[in-house]
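Trainee: Based on what follows, work out the 3D shape:
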Amino acid sequence: MTVTDPQARILWVNRAACEVSGYAEQEILGMTPAIFSSGKQSRRSWPMRLASVRAIIGIAAAGVEAVR
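Mentor: Numbering: from 1, shown residues only. Below is the predicted model of the structure:
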């Protein structure tokens, strides 16, 4: 997850986005979301990364439900 300014510059990024993208927070801050499609990772790595994001989202959703 990222938060951007009106010019689409990234102001904040969470740890999961860093882990999934392979970038350090310092590399992402100030960039635009286009950094995530810069070609740093091979296309073959994206299915695994997408599965990781889905797992993180599922865990977070389960935590919200447990609190309710």
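Trainee: alpha carbons only for contacts and neighbour counts from here, please
Mentor: Will do.
Trainee: can you count the residues close to residue 14?
Mentor: 11 (other Cα atoms under 10 Å).
Trainee: Grab the nearest non-local neighbour of it.
Mentor: residue 1 (5.7 Å; Cα to Cα, 6 or more residues apart in numbering).
Trainee: burial measure for that neighbour, as a count.
Mentor: 9.
Trainee: quick one, what contacts it?
Mentor: Going by Cα atoms under 8 Å, 6 or more residues apart in numbering, residue 1 touches 13, 14, 16, 17.
Trainee: per-residue pLDDT, residue 43?
Mentor: Per-residue confidence (pLDDT) for residue 43: 63.
Trainee: residue ranges of the strands in the protein, please?
Mentor: 2-4, 10-13 (DSSP state E).
Trainee: what's the closest non-adjacent residue to residue 3?
Mentor: Residue 3 sits nearest to residue 12 (Cα to Cα, 6+ apart), 5.1 Å away.
Trainee: same check, this time on residue 2
Mentor: Using Cα to Cα, 6+ apart, the closest residue to residue 2 is residue 13 (4.4 Å).
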